[in-house]
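A.B. asks: Got a predicted model here, sequence first, then my questions.
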Amino acid sequence: MIRTRPIAAIALLAMSAMPPLLITPVGAQQLSDRAKQVGMKIKCMCRGCDMAAGICSHPGGAFSGPCETAKAMLKEVDQHIAKGETDEQILQAFVQEFGTKVYAEPPKSGFSLVAWALPSIYLFLGTGVVIFVIARWRKRSVEQDAPAGGAPGISSELLERARAQASRETQD
Amino acid sequence: MDVFGYFALVLAFVCAVYAFGGGIAAIVTRHPLLIKSSRQAGMATCCLIFLATFSLEYLFFSDNFSIAYVVSHSNRDLSTFYKIAALWSGQEGSLLFWSFLLAVYVFSVLLTYRNKNGELMPYVGVVMAGVQIFFLTLNNFVASPFKVLASPGADGVMHYVARADGNGLTPLLQYPEMVIHPPNLYSGYTGFTIPFAFALGALLARYPGEKWIHLTRKWTMIAWMFQSMGILLGAHWAYAVLGWGGYWGWDPVENASFLPWLTGTAFLHSVMMQEKRGMMKVWNVWLVFCTFLLCILGTFLTRSGVVSSVHAFAQSSIGTWFVSFIALIIAVCLGAYLKNRDYLKSENQLDSIISRESSFLFNNLVLLVSCIAILSGTLFPVFSEWITGDRISVGAPFFNKVNIPTGLLLLFLTGVGPLLAWRKTSTESLKRNFGWPLGIGVAAGAIAFAFGFRQFYSWVCLVLCVSVASTVLLEFYRGAKVIRSRSGASFMASAVDLTMRNTRRYGGYIVHMGMVFVFIGLAGAAFNRDIQKDMRQGDTLKIGPYTLVLQGFDTKPEKNYTAQRLLVEVLQNNKPTMMLYPEKRRFSTTEENGTMVAIRSTLQEDLYVVYAGTSPDTQLPVIHAYLNPLVKWIWFGGVVVVLGTLVAMLPNRRAVLVLSAAQQPAAQPVAHGLPSSVTLREGHD
């Protein structure tokens, strides 16, 4: 019975220590980290650069970390976070204040969708062109390989040997 | 000296106009004396540009503060080192420096081929002179670096004045790498003028086949090498000076320098198709045209301010000139192509989809898609404003999302391409060449996964890096093994011998290895960490295995600035390791601040410490510490890329005939007929 007391005391202490552990995620450091994350999604409005508020370091700025404008924006983000707003709500607040130019990356709606669609369009079009070119060149190669009507055909053995030799000679 | 420089530039312009006009007349009349005089006018243009550039440097070194450009970009206390760099620190000087580097290339070309390729060189000379005329127009009439300071006197007449001291150099530029980054980048930009001039000249002259490609290969590689060095030095400079812990922010001007590098890289690959198989003649000509156009566009983006940039100090209203020049180049290239496109007809054939040719096609596809995606992303804010009236920003997150997958695809092709045979690759060959590298890559990926490596793109990058490195090393191993079995030399000597026998191929492999190192470094960015803290003396800050202890701070007055330094002791796993001195600099002439980041760099990670200023709340110094894994690999990779390019430019050691009795040292090559005692054996020149 005597032995159970220290165990109970330790258990009680451990349980009393748990709530702070559960509460710490909204501590000062966490808040700052989230502000920085949101800061990477909005552009610094100092008009001296095109950098995200989280990393603004343009000439004329503070030269280390965010410039004064970006610092003020990050502070504003902190205030929104303190109010319990989501990232999207915070972004919208900045869009209302500065317009769509505040986005560090184009939103996936409206005309901005074009920016996102273009790289995929280039890739699909480019791949299409390459496939078309390959098919055309292959066809031309096959046509030329086929012996012309009436002309004596080249034996496949000789052709293979010639190819191997050409391949060796052009190896690079 | 200012008058001397001014007149040198005016005369250079006159000579360039003569080289251009005389060159055209020489092409029409084919008069030998006219050809010679236009070539000599081209060389005289270059010499006069050299004189103008040196005279501007003299004005900096003699502290001549009657010249507006010297006043704006120098002061008496500026060190000799930075007085050299002051030449390209502002617009007027940068444009003169462009002309200077271009003149170095043009002079070298005119001198090298003065008695060769008589059919082609007048055309090349005209194109080069045309480009020089554009830049000399800017140097003389739009942005002259020799403008003097003057003010109206009591009589209403302008009088020359001289200031006692200058404004000094922008603090951001007072960093050693700033002295070498712009010259490298500009050498890349200007260097692509030479392949452009040869391509356009060859098209206009209907010059035979692949000759222009053979002639320009080294010039293209030199330009590409400088462009690569310029980009990486710029990245390193941004990393060490801007203090945000990164090296690439997808700034419009950074993008602008990357675009010609991408098309230049595509050209260096696709050109082999034309050399080996006579294919892709039209494509290659347009790749060179585009690369040159992108070089001019890059200069335009830097100078015009059409897109906001970290390089804002370089902006002005000069953009219209560049837009006009770009339009003119497009018109000339298009006209030349439409007129002479028949000459570019090539016998394009593909024996197999699994071949070197296919890999080059896909390599070009990826590089070009990446290039156009970056270009459209960079210009999207401008276009969106034109179309919708709303400026939509496109920043780093967009470029990362778009370019990381294409970059990985390119890395994959880096490993696959060189091992595919021309025309057709057999299944046997595929198994032999890719079995081991693929196995090693997958094994490395599995081990990394088992150790908790979960970041998707970095994991894919790791697998590809290991596979590509294995393919390259395996190629060296196989080749060196054959040589070793014949010569009995050491393995390393055999590998060197192998490389020197086919410098282009093995130099290319070294470049690919360098790119693998760069990708390893880039993959580390996914694991960056940072922490910021207001620090009292004796306070500690922990990041990764490091503990930083603020031991104090001091003030260090220098000639041109005053540095406030933090004395930070670094403990690694609680053992004192070293001292770091991050500092803030206050430049007295401009009343501006600068940062010097303190970095402890190892192959594993960089401990990056920034003195981020004083906290307005606590009035204590703020330390911002970053732990950036693998960054050093990027710079190391850059060195390897340059080394590989230099190797690829060397001439091959040729196989010669030696007496079979190898002990005889003075073996002579035999010109005609082989005596019975002589056998063919590979040796060196």
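C.D. replies: That came through, no problem. Residues are numbered from 1 along each chain as shown, chains lettered A, B, ... in the order given.
A.B. asks: Tell me where chain A has helices.
C.D. replies: Counting by DSSP state H, chain A has these helices, from start to end: A:4-23, A:28-39, A:68-82, A:87-98, A:112-145, A:156-169.
A.B. asks: Tell me the first helix or strand C-terminal of the strand or helix carrying residue B:510.
C.D. replies: Residue B:510 belongs to helix B:503-523 when assigned by DSSP states H and E. Past helix B:503-523, further along toward the C-terminus, the next helix or strand under DSSP H and E is strand B:529-534.
A.B. asks: what about that following strand, distance to the chain center?
C.D. replies: Offset of strand B:529-534 from its chain centre (C-alpha atoms, centre = their mean, to the nearest Å): 33 Å.
A.B. asks: rewinding a little: is chain A contacted by the helix holding residue B:510?
C.D. replies: Yes: for helix B:503-523 and chain A, the contact criterion (C-beta under 8 Å from any C-beta of the partner chain) is met by B:504, B:505. Glycine gets a C-beta too; all of them are placed from N, C-alpha and C.
A.B. asks: mind saving the C-alpha coords of that helix as PDB?
C.D. replies: Provided in PDB are the C-alpha atoms of helix B:503-523 (Å, rounded to 0.1, in the frame of the first residue of the first chain):
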ATOM      1  CA  THR B 503      37.200  14.600 -74.600                       C
ATOM      2  CA  ARG B 504      33.900  15.600 -76.000                       C
ATOM      3  CA  ARG B 505      32.200  12.400 -74.800                       C
ATOM      4  CA  TYR B 506      33.900  12.100 -71.400                       C
ATOM      5  CA  GLY B 507      33.900  15.900 -70.800                       C
ATOM      6  CA  GLY B 508      30.100  15.700 -71.400                       C
ATOM      7  CA  TYR B 509      29.900  12.900 -68.800                       C
ATOM      8  CA  ILE B 510      31.800  15.100 -66.300                       C
ATOM      9  CA  VAL B 511      29.400  17.900 -67.000                       C
ATOM     10  CA  HIS B 512      26.500  15.500 -66.300                       C
ATOM     11  CA  MET B 513      28.100  14.400 -63.100                       C
ATOM     12  CA  GLY B 514      28.400  18.100 -62.100                       C
ATOM     13  CA  MET B 515      24.700  18.500 -62.800                       C
ATOM     14  CA  VAL B 516      24.000  15.500 -60.600                       C
ATOM     15  CA  PHE B 517      25.900  17.300 -57.700                       C
ATOM     16  CA  VAL B 518      23.800  20.400 -58.400                       C
ATOM     17  CA  PHE B 519      20.600  18.400 -58.200                       C
ATOM     18  CA  ILE B 520      21.700  16.800 -54.900                       C
ATOM     19  CA  GLY B 521      22.200  20.200 -53.500                       C
ATOM     20  CA  LEU B 522      18.800  21.400 -54.700                       C
ATOM     21  CA  ALA B 523      17.100  18.400 -53.200                       C
END
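A.B. asks: Apart from its neighbours in sequence, what residue is nearest residue B:556?
C.D. replies: Closest residue to residue B:556 apart from its sequence neighbours, by C-beta to C-beta, 6 or more residues apart in numbering or on different chains: residue B:563 at 4.3 Å.
A.B. asks: Give me the residues contacting the helix or strand that contains that neighbour.
C.D. replies: Residue B:563 belongs to strand B:561-572 when elements are defined using DSSP H and E. Residues outside strand B:561-572 that contact it (C-beta atoms under 8 Å, 6 or more residues apart in numbering or on different chains): B:171, B:174, B:545-557, B:576-588, B:594, B:596, B:598, B:600, B:607, B:609, B:611, B:621, B:623.
A.B. asks: Can you tell me which of these are buried?
C.D. replies: Buried members of the contacts of strand B:561-572, scored by 16 or more other C-beta atoms under 10 Å in any protein chain shown, are B:171, B:174, B:546-550, B:553, B:577, B:580-587, B:594, B:596, B:598, B:600, B:607, B:609, B:611, B:621, B:623.
A.B. asks: Looking at these, which are in strands?
C.D. replies: Of those, the ones assigned to strands by DSSP state E are B:546-550, B:553, B:577, B:580, B:583-587, B:594, B:596, B:598, B:600, B:607, B:609, B:611, B:621, B:623.
A.B. asks: The residues you listed: which ones sit near chain A?
C.D. replies: B:584, B:594, B:611.
A.B. asks: As a markdown table, these with pLDDT and distance to residue A:123 would be great.
C.D. replies: Below are these laid out as a markdown table (pLDDT from 0 to 100; distance: C-beta to C-beta, whole Å):
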| residue | pLDDT | distance to residue A:123 |
| --- | --- | --- |
| B:584 | 85 | 45 |
| B:594 | 76 | 42 |
| B:611 | 88 | 44 |
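A.B. asks: Mind telling me what element the spatially most central residue of chain B is part of?
C.D. replies: Nearest to the geometric centre of chain B sits residue B:227, at 1.4 Å (C-alpha atoms, centre = their mean). Taking DSSP H and E as the criterion, the element that holds residue B:227 is helix B:211-241.
A.B. asks: So what angle separates the directions of the strand holding residue B:563 and strand B:583-587?
C.D. replies: 180 degrees (axes from the mean of the first three to the mean of the last three C-alpha atoms, to 10 degrees).
A.B. asks: partners of strand B:561-572, with directions?
C.D. replies: Partners of strand B:561-572 in the sheet, by DSSP bridges, are strand B:546-557 (antiparallel), strand B:575-580 (antiparallel), strand B:583-587 (antiparallel).
A.B. asks: Columns distance to residue B:635 on top of those, output as CSV?
C.D. replies: Output for the strands paired with strand B:561-572, formatted as CSV (distance: least, C-beta to C-beta, whole Å):
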stretch, distance to residue B:635
strand B:546-557, 21
strand B:575-580, 19
strand B:583-587, 22
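A.B. asks: got the end-to-end distance for stretch B:273-286?
C.D. replies: Start and end residues of stretch B:273-286 are separated by 15 Å (C-alpha to C-alpha, to the nearest Å).
A.B. asks: Identify each buried residue in it, please.
C.D. replies: The neighbour-count check on stretch B:273-286 (16+ other C-beta under 10 Å) flags B:273-277, B:279-286 as buried.
A.B. asks: how far is that stretch from where the chain is centred?
C.D. replies: Chain-centre distance of stretch B:273-286: 24 Å, with C-alpha atoms, centre = their mean.
A.B. asks: what about that stretch, near chain A?
C.D. replies: Yes: residues of stretch B:273-286 are located near chain A by C-beta under 8 Å from any C-beta, namely B:276, B:277.
A.B. asks: can you list the domains in chain A?
C.D. replies: Taking automatic domain parsing as the reference, chain A has its domains at A:24-102, A:106-142.
A.B. asks: most tightly surrounded among those domains?
C.D. replies: For the domains of chain A, the largest average neighbour count (mean count of other C-beta atoms under 10 Å in any protein chain shown) is found in domain A:24-102, namely a mean of 19.
A.B. asks: Now that one: average pLDDT?
C.D. replies: Per-residue pLDDT over domain A:24-102 has a mean of 74.
A.B. asks: ok, back up a step: let's see which of the buried residues of stretch B:273-286 end up in helices.
C.D. replies: Of these, the ones assigned to helices by DSSP H are B:273, B:274, B:275, B:276, B:277, B:281, B:282, B:283, B:284, B:285, B:286.
A.B. asks: where's the residue nearest to the fifth one when sequence neighbours are not counted, which helix or strand?
C.D. replies: The one in question is residue B:277. Closest residue in space to residue B:277, ignoring its immediate chain neighbours: residue B:357 at 6.8 Å, by C-beta to C-beta, 6+ apart. Assessed by DSSP H and E, residue B:357 sits inside helix B:356-388.
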